[in-house]
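Undergrad: Turn this into a model:
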Amino acid sequence: MFFDLGAGEILGLAIVGMLLLGPERLPKAAAEAAKWVKKVRTLSQTATAELRENLGPGFENLQPADLHPKTFVKKQLGELLDETPATKPKRPTAKIDPDLI
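TA: Down below sits the predicted model:
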């Protein structure tokens, strides 16, 4: 789910909402909450698309989770971390420990 909520948590939130808002106002409040979630989701998708466009080539498959600094560095330096003997350069290069990034 969106916020990693299970059925029990959703049921608990519905009961608390019913107690706080009452059965008359709960459907309207739920509809408003759904509209806000949709707006936030659209905003995040638009921002991600603009970021991909502004970063240029090489970032077409950028995901929001990739923007975490540790993940970003690992992804960008992936070819140094996964160097195979067939593509190994003639002069020695320093290996980067992924746990230190």
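Undergrad: helix or strand for residue 30, which one?
TA: Assessed by DSSP states H and E, residue 30 sits inside helix 7-55.
Undergrad: Would you mind giving the domain segments of the chain?
TA: Split into domains by automatic domain parsing, the chain comes to 7-62, 68-101.
Undergrad: ok, of those domains, where does mean pLDDT dip lowest?
TA: With a mean of 66, domain 68-101 has the lowest mean pLDDT of the domains of the chain.
Undergrad: coming back round to it: can you put the domains of the chain in CSV and add mean neighbour count?
TA: Every C-beta, even on glycine, is put in place using the N, C-alpha and C of the backbone. Below are the domains of the chain laid out as CSV (neighbours: other Cβ atoms under 10 Å):
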stretch, mean neighbour count
domain 7-62, 11
domain 68-101, 10
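Undergrad: May I have the following helix or strand past the helix holding residue 30 exported as PDB, CA atoms only?
TA: Downstream of helix 7-55, the next assigned helix or strand under DSSP H and E is helix 69-76. Provided in PDB are the C-alpha atoms of helix 69-76 (Å, rounded to 0.1, in the frame of the first residue of the first chain):
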ATOM      1  CA  PRO A  69      22.800  10.100  -1.800                       C
ATOM      2  CA  LYS A  70      24.100   6.600  -1.100                       C
ATOM      3  CA  THR A  71      22.000   5.000  -3.800                       C
ATOM      4  CA  PHE A  72      22.800   7.700  -6.300                       C
ATOM      5  CA  VAL A  73      26.600   7.300  -5.800                       C
ATOM      6  CA  LYS A  74      26.400   3.500  -6.000                       C
ATOM      7  CA  LYS A  75      24.400   3.700  -9.200                       C
ATOM      8  CA  GLN A  76      26.700   6.300 -10.800                       C
END
